[in-house]
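Asks: task: produce atomic coordinates for the following.
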Amino acid sequence: EGWHKVHYEDYPTVNEFQKVEENKIRLIDGVYIITYSIVDDNLERVKSIKKERITNSFDEIYNSKNLKLTSSLGFEINANSVANTNIEGLIKVLKKTSTESVLFRDFNNELHKVTLDDLETMQMEIIMNGQALYAKKWELETIIDKASSIKELLKIDDNFSNVIM
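Replies: A predicted model of the protein is given here:
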């Protein structure tokens, strides 16, 4: 029957877990039109991506030089895995040398004279802070597991620093 003008439906907006598929030309009310379908990604695949993002951003925070806490000793201390290792080393030094105190550099690079008890307190605070971070990560993973749609998953912030700050 010759050539006919083909009209395109407005291109749909999609999220990162959707794709657009072009449908075949259809005759609608005397007009040839191309429509689109939105296809969601596989739910389990999206859950896996969200969990991976949570893990990556958690690891980044947990190992960050900027992770800190306010110690019960009255000053801020680094709270990452390196800080825990450093304090463990100072504890060993005090125990082996029978020294009563040692100088400790806090998060703001100020020096404090601390005892073995002080170091053990700080170490416990770092460990407890780490456990709280892990608990939050596991809570987010549980929420992801329970999600029944991509729409629900999109509501979950997968940047761990946004979640804890």
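
Asks: mind listing the helices for the chain?
Replies: The residue ranges that make up the helices of the chain, judged by DSSP state H, are 43-62, 81-97, 116-146, 150-154, 160-164.

Asks: looking at those helices, which is closest to Ile28?
Replies: Evaluated with CB to CB, those place helix 150-154 nearest to Ile28, the distance being 28.2 Å. All C-beta spots, glycine's among them, are computed from the backbone N, C-alpha and C.

Asks: list the contacts of the closest one.
Replies: Judged by CB atoms under 8 Å, 6 or more residues apart in numbering, the contacts made with helix 150-154 from elsewhere in the structure are 15, 17-18, 40-41, 43, 46-47, 50, 144, 147.

Asks: buried only: go through those for me.
Replies: Judged by neighbour count, with 16 or more other CB atoms under 10 Å as the criterion, the buried members of the contacts of helix 150-154 are 17, 46-47, 50, 144, 147.

Asks: between the two ends of stretch 69-76, how far is it?
Replies: Between the start and the finish of stretch 69-76 there is a gap of 6 Å, counting by CA to CA, to the nearest Å.

Asks: what about the protein, any weak spots by pLDDT?
Replies: Across the chain, the ranges flagged by pLDDT under 70 are 1, 163-165.
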